[in-house]
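Trainee: please find the sequence and the predicted model below.
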Amino acid sequence: MAKISLILKKQNYFKNSMLITSSVLFIFIVVSIYWINALNKEYKHQLNEFEKLNQSYDEYLRIQSAAMKQPEDKSLNLDVFDRIMIARPQNLFFDRMKLSKNSSLQIEGITLKPLEIDEFIHEAALQGVKLQINQVQKDNDQQVHFEIRQGS
């Protein structure tokens, strides 16, 4: 009988070790599943935060690119004054020449001969400046006052 009891003890020991091993394995599996779920939730939370930050950054870039695409102030081309002075006849005098970013060139002046205005406009056209007569008046002193604007 001693042999039988020894065999039973070995089988009982084997069953106990299997029970302990399966318990440890079960606990390991449960802890692993819990840990994987926790990591999955953290990943989803971080992904959501990343997407929000990505959208806000895209919006920031869109605003910055829109600000950069605004038209720049166009600079004034003062070369037109040189061309006007080259085209000016000798007896044609300018009282005022105005050029701004918002409006085209305006010239006011005086001459004794009205034909000099036409000659001036023709010479300016040859210089590449298109001018149009806006107003012409003759005063009591036989002087012709004129106003010319740059045409398109």
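Mentor: Yep, it's here.
Trainee: when you work out contacts or count neighbours from here on, use the C-alpha atoms and nothing else.
Mentor: Fine.
Trainee: in this structure, what residue spans correspond to helices?
Mentor: Assigned by DSSP state H, the chain shows helices spanning 2-68, 79-87, 115-126.
Trainee: report the rounded mean pLDDT for the longest one.
Mentor: It stands for helix 2-68. Average pLDDT, helix 2-68: 85.
Trainee: pick the most deeply packed of the helices of the chain.
Mentor: Across those, averaging neighbours per residue (mean count of other C-alpha atoms under 10 Å) puts helix 115-126 on top, at a mean of 16.
Trainee: helices or strands up against it?
Mentor: helix 79-87, strand 131-138 (3 or more C-alpha pairs under 8 Å, 6 or more residues apart in numbering; DSSP states H and E).
Trainee: wait, which of these is closest to Ile110?
Mentor: Across these, Ile110 has its closest neighbour in strand 131-138 (9.4 Å, C-alpha to C-alpha).
Trainee: nearest residue to the middle of this structure?
Mentor: Residue closest to the average C-alpha location in the chain (C-alpha atoms, centre = their mean): Ser65, at 2.4 Å.
Trainee: what about that residue, distance to Ser103?
Mentor: Distance, Ser65 to Ser103, using C-alpha to C-alpha, to the nearest Å: 29 Å.
Trainee: got it, and Ser56?
Mentor: 41 Å.
Trainee: domains of this structure?
Mentor: 1-70, 79-150 (automatic domain parsing).
Trainee: okay if I get the helices and strands packed on helix 115-126 as JSON lines plus mean pLDDT?
Mentor: JSON lines is the format used below for the helices and strands packed on helix 115-126 (pLDDT from 0 to 100):
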{"stretch": "helix 79-87", "mean pLDDT": "89"}
{"stretch": "strand 131-138", "mean pLDDT": "90"}
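Trainee: done for today, thanks.
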